[in-house]
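Asks: Whatever this is, show me its structure:
(3 chains)
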Amino acid sequence: MTSLQTDASQTLVPRRGIFAPAIGRRKLRRKYYHRWLALIAMLIICAGYLLPFVWMLSTSLKRVDQTMTNPPRLIPHPFMPGNFWNVITSDKVDFPLYTRNTLIIAALTVAGTTLSSSIVAYGFAKIRFKGRGLLFALMLSTMMIPFPVMMLPLFIVFRFIGDHTPLQMLGTFKPLWLPAWFGSAFSIFLLRQFFLTIPDDIGEAARIDGCSEWGIFWRIMLPLSKPALSVVALFSFMWAWNNFLGPLLFFQRPDQYTLALGLQAYQSQQGGTDWNLLMAASMLVMLPVVILFFLAQKTFIRGIATTGLK
Amino acid sequence: MKRILSKTLMAMMIAAGLAMLVFGPRPRASGSSARVHIQYWEKWTGLEADQMKQIVDAFNDTVGKDKGIWVDFTSMSQIDRKTLISTAAGVPPDVAGLWDTQVLQFASMNALEPLDDYARQYGMTRDKYKPVYYDGCQYHGKLYAIPSTVWCIAMLWNKAIFQERSAELRAAGLDPDQPPKTIAELDKYAAAIDTWERDASGRHLVRTGFIPLEPGTATNVMGYWFGAQIADPTGTKLFLNSPKMIATYNWIRGYSERIGKDQLAEFRSGFSSGATGLFDTPQNPFLVGWNAIEAQGPWISAFIEKYDPKFDRWHVPADQLKRESDFQSIHEGMTLGDVENILGAGDSPSHGAATPPQVSPDTQLLHWAAGIKDIYIGFVDGKVTVMEAKLLPAEMRKKYCQWGAAPFPSAIPGVNNVTWAGMDVWVVPSTSKHKKEAFEFIAFASRQAEIEKLSSLHYNLSPLKDETREYTENHPNPYVDVYEALASSPNARGLPRVVNWPQIFDELTQAAERSYLLQGSTVDILNQTQERAQKELNKALDVPENSNLSLGEAAQ
Amino acid sequence: MKRDIQQFGKGMAFLSPWLVGFFVFTLAPIGLSFYFSLTKFDLLEPPKFVGAHNYLDLLNDKLFWKATGNTFYYTLMALPAGLLVSLGLALLLNVEMPGRAIWRTIVFMPSLVPVVSSAMIWMWLLNPRLGLINGILEALHIPRSPWLSDPQWAMPTLAMMSLWGVGNAVVIYLAGLQDVPQELYEAAELDGASTIGRIWHVTIPLLSPVIFFNLIMAIIGALQVFEVPYIMTNGGPVHMTYFLSMYLYDNAFVYLQMGYASAMAWIMLLFVLMMTGVAFLFSGRLVHYQGK
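Replies: The predicted model follows:
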């Protein structure tokens, strides 16, 4: 929802960013000039960003022996939109099953990450306590260890948990989403930065009114942080959706595959790869998240009325 | 309006997601109440995985059912990462599909179960296999793996290009209808076939006869063709800077010097970078004719079928080509008239070279020639009941190939049929809990019928010494006899017997690339490589540094 | 004193989800990996204690230093470029213009492509012989480039490709730009500030916590970059694009020297700590937290 700024001497315009402030009729012309300049720049930039996707789409509509030609051809000939149908109904790759598996993991990851990371980030941002800086540095440094050397230790930990507690980890989806419920360093860091931009006086005022720390967090901080929370939710969804290594390590049976694993079925060791089908499958896998992003943009790119805090 | 639209779409997506969660397909239960479940992890994907799945299903339905064993088959690329980690954490698979490069590595770490007793029990002894593959599975006198699908390297040559350049070849005193027989001849053929163009920016190579690093599969064992040993039989000493290796890399370097380092780099750019490149695409340099000669394995036929089928259908009359693709539209129940409208008039089955299918006495069987295939269609009461497009025997398909295969020439006079023999293998991790059952499955999959089916589908060779006629005739690679002869030759060699071959492999790759770039003299490059590699080998073998012991003693 | 304890208690309460997970899912594996770095460990046999041997070997390992040099070279190119481009794009995408939602989606899409597919697409686009990009260059009468096949150009090419994936950072900036209060812009305008002036004096300082976040993540990302180059170049040609992460992976899973790889990981951690430490030192002066 855009908030409106009115003033007797000014025109009614929605709030914008730095290029077009809501000031003066004289400045309106400059505002429009800026808009079109930005649009042209954007079109050029987007052309560059889109090129790989155009090529991807083109490849996905080709017959396999046309996927690479000399000279390169953008228009598929013969045109094969059936590739997409081929991928969805393939009996080699059970798309519906993998989608469901991936959805389960993604949903649990998003819920866990958003909830736990915001709680922890609040602790790091708004509560002053001894050792906070040290713990924060420690948390950050956990992000800095390359994953390949963590793979085996993590696996060992999961096995240990499985052997010594009633909680079976290996062979289930749990290793993929359970750690998310304990906070993710990336999300905690991000949310902490956002929480720090919210003035302390708001919390102070509520505290004086007798509100508990949890209340401040739940009823004041969180609603004010919708953009940041949406970003965290989006990123953790994306990460869970495309994660390949995790499911590879922890699945036990083919019917536990996720979409990322399913894509591998199109790559062949010795027989020649079906590039057209691989590209078609990749586009299908990407599609839900792209649409999600497109529709959900407003939740994290809305203007928020920080002035309303007064 | 836009907001309502986007909110609706969003709601629809969430609803779809929820519906999928609640009503979507669920993982199926393992499907058996068998006494023992064994895990088989394989690295194949696509058609190869499908074929293996059929074998697994066959096992589960027959021997598995009788003996109470159920095989859970998982095939996924990069499964070796998973195998390593799971085994390290104590939850290994029971049967793992690995490469030959890993056998010695894993066996030296006691990670593999010795299979001698099992193999003896099931009659899978050395005399049943081609020696080079069986020996490659041995470490310190014990058998640690069973070969699954195997291959070797031969020289492929492009007949069409040879014809095109016949003038240049004859001028150099070479025969355009024959492939080179020695390394010296190979170099001459290569120089004669190299085609240059000149434009504003200088001379450019547009086609080569041969360049040593393409496609790169055999580069690091190129020394074999020069008689180099690379490593001693105990696997403790490397000989990367031996005179024969120096000769090998001087030969490699020679191509860069003759063609010109920059021209060669420009020509090669884009061929292969990283894990793949143009090799696994329709622009495979051999298929499109940039290289006329390559050292390549039998899987080239897979690429031909997928990316350029005409390469194997050279000089096939157009109407027969059309018949082969029109065959797809024939189905059961069609009348004779319909079929003849599509394929033309049929003739007697005796005209076909491929074995006709067995049919009941009242079936009228007709034949159509379709290039490299024979089409047989059987009619009962004028309607199609049986239809088959069968490959001609391999021997007869050769004349339709735009390419030929021959042993890659050796540099040592009198030493012929040299090849490098590689393989995929099955192993049983030593920490598996069901070793006996695991081997039961391996034995099943190693039976001649299964292994030949598997190997053919992989466009590879069978590791068994015995071959059925059906296998050699119907193998998708028309030159399977050349490859089979090489694989059985006494000069066929497996990998060097060092436990850390992957690391030595990388060192040799660097040496080859540096030779191409003329970065230092061959002797210097190889000396440095030998020093680094020997150090790495010592580290892998736990030889104490600065040890005065001779390496041979330390290895014991 | 009592207040301190109370505050500590509150802090711990909020941190508790992370603390539990931290011990189980982070500290324990990290401890194990440090232990492995002190051993000779081939994954298939029990680890053997060797003390600091791995670290000493690393110091003498020419390939390790080459990989380190490569990684820092890449970071030096990709980091500043990535920061500028992502911030610039975010500012641009914050302007009201037609189809803004579409442009944002297009900029973000690269982060969603499965890694294997994106590596393949780029390999083809950049193929010196058959790629579309060289084809376009030729049509514009610009000389063709060898891109990834040339030892000198391979790394800059990879750095250039990293700009394709700035979508993540852009989205975070966009979220942060919403928090900049409007009155500050108006006040600056009234004071006679130009567009650039407004960006410099209002947007950037207020965005600095987010910029700082993206800087730290970019440092970590650049120093740990692995999958895409591994598929595209495998470290070639002649080790010119051999990143630390690739040497680490090769040691861990191909050469089966997990101990050596773990030691390398801890040295990489040191590099990251050094760079982020510098960033944190400067953050005191340059990063403004509005709340304070």
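
Asks: can we go C-alpha only for contacts and neighbour counts from here?
Replies: Noted.

Asks: Would you enumerate the residues in contact with the nearest residue to C:S162 once chain neighbours are set aside?
Replies: Nearest residue to C:S162, sequence neighbours excluded (Cα to Cα, 6 or more residues apart in numbering or on different chains): C:A78, at 6.8 Å. For C:A78, the contact set (Cα atoms under 8 Å, 6 or more residues apart in numbering or on different chains) comprises C:A159, C:M160, C:S162, C:L163, C:A222.

Asks: The same query, at a cut-off of 10 Å, please.
Replies: By Cα atoms under 10 Å, 6 or more residues apart in numbering or on different chains, C:A78 lies in contact with C:F72, C:M155, C:P156, C:L158, C:A159, C:M160, C:M161, C:S162, C:L163, C:A218, C:I219, C:A222.

Asks: same check, this time on C:N134
Replies: Going by Cα under 10 Å, 6+ apart, C:N134 touches C:L125, C:L126, C:N127, C:P128, C:L140, C:I142, C:P143, C:R144, C:S145, C:P146, C:W147.

Asks: change it to 6 Å
Replies: C:N134 makes contacts with C:R144, as judged by Cα atoms under 6 Å, 6 or more residues apart in numbering or on different chains.

Asks: same check, this time on A:Y32
Replies: Contacts of A:Y32 by Cα under 6 Å, 6+ apart: none found.

Asks: host element of it?
Replies: Of the helices and strands defined by DSSP states H and E, A:Y32 is found in helix A:25-60.

Asks: swap in B:L454?
Replies: Per DSSP H and E: B:L454 is located in helix B:448-457.

Asks: distance between that helix and the chain's centre?
Replies: Computed by Cα atoms, centre = their mean, to the nearest Å, the chain-centroid distance of helix B:448-457 equals 14 Å.

Asks: Flag every buried residue along whichever helix or strand comes after it.
Replies: Counting by DSSP H and E, the element after helix B:448-457 in chain order, helix or strand, is helix B:469-474. For helix B:469-474, the buried set under the neighbour-count rule, 16 or more other Cα atoms under 10 Å in any protein chain shown, comprises B:Y471, B:T472, B:E473, B:N474.

Asks: and the stretch 401-550 of chain B, which residues reach chain C?
Replies: Within the stretch 401-550 of chain B, the positions adjacent to chain C are B:Q503 by Cα under 6 Å from any Cα of the partner chain.

Asks: ranges for the helices of the stretch 401-550 of chain B?
Replies: Along the stretch 401-550 of chain B, counting by DSSP state H, counting those that start in this stretch, helices occupy B:435-445, B:448-457, B:469-474, B:480-488, B:501-516, B:522-541.

Asks: One more: the stretch 151-300 of chain A?
Replies: Assigned by DSSP H, counting those that start in this stretch, the stretch 151-300 of chain A shows helices spanning A:174-177, A:185-196, A:200-208, A:213-215, A:222-224, A:226-242, A:245-250, A:259-263, A:275-300.

Asks: And the third one, how far out from the chain middle?
Replies: Taking Cα atoms, centre = their mean, one finds the center of helix A:200-208 at 32 Å from the center of the full chain.

Asks: show me the contacts for the residue of the stretch 51-200 of chain A found nearest chain B.
Replies: In the stretch 51-200 of chain A, the residue found nearest to chain B is A:D65; the distance is 4.4 Å by Cα to the nearest Cα. Shown in contact with A:D65 (Cα under 6 Å, 6+ apart): B:P282, B:Y307.

Asks: could the buried residues of helix B:469-474 go into JSON lines alongside pLDDT and distance to A:T113?
Replies: JSON lines is the format used below for these (pLDDT from 0 to 100; distance: Cα to Cα, whole Å):
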{"residue": "B:Y471", "pLDDT": "92", "distance to A:T113": "56"}
{"residue": "B:T472", "pLDDT": "90", "distance to A:T113": "58"}
{"residue": "B:E473", "pLDDT": "89", "distance to A:T113": "60"}
{"residue": "B:N474", "pLDDT": "91", "distance to A:T113": "57"}
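
Asks: Which single one of these is nearest to chain C?
Replies: B:N474 (34.3 Å).

Asks: pLDDT score for the residue in the stretch 151-300 of chain A that chain C sits nearest to?
Replies: Residue nearest to chain C within the stretch 151-300 of chain A: A:P199 (3.3 Å; Cα to the nearest Cα). The model reports A:P199 with a pLDDT of 82.

Asks: can you check B:G414 too?
Replies: 89.

Asks: For it, give its distance to B:A492.
Replies: Applying Cα to Cα, to the nearest Å, the value for B:G414 to B:A492 is 15 Å.

Asks: Among these two, which residue is more densely surrounded?
Replies: Just comparing B:G414 and B:A492: by other Cα atoms under 10 Å in any protein chain shown the higher neighbour count belongs to B:A492, 23 against 7.

Asks: Skipping adjacent residues, who's closest to that one in space?
Replies: B:T419 (4.8 Å).

Asks: and the gap between the one you found and chain C?
Replies: Plainly put, B:T419 is 25 Å away from chain C if you go by Cα to the nearest Cα, to the nearest Å.

Asks: ok, how many other residues are close to the residue of the stretch 151-300 of chain A closest to chain C?
Replies: Look at A:P199: counted by other Cα under 10 Å, it has 16 neighbours.

Asks: again, but for C:G135
Replies: The tally of other residues near C:G135 (other Cα under 10 Å) stands at 21.

Asks: B:A318 now?
Replies: Close neighbours of B:A318, defined as other Cα under 10 Å, add up to 10.

Asks: Can you give me the domain assignment for chain B?
Replies: B:36-151+B:422-488, B:154-309+B:401-420, B:318-397 (automatic domain parsing).

Asks: Arrange these in TSV, one row each, with distance to C:Y247 as further columns.
Replies: Below are the domains of chain B laid out as TSV (distance: least, Cα to Cα, whole Å):
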stretch	distance to C:Y247
domain B:36-151+B:422-488	16
domain B:154-309+B:401-420	14
domain B:318-397	45
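
Asks: Thanks a lot, see you next time.
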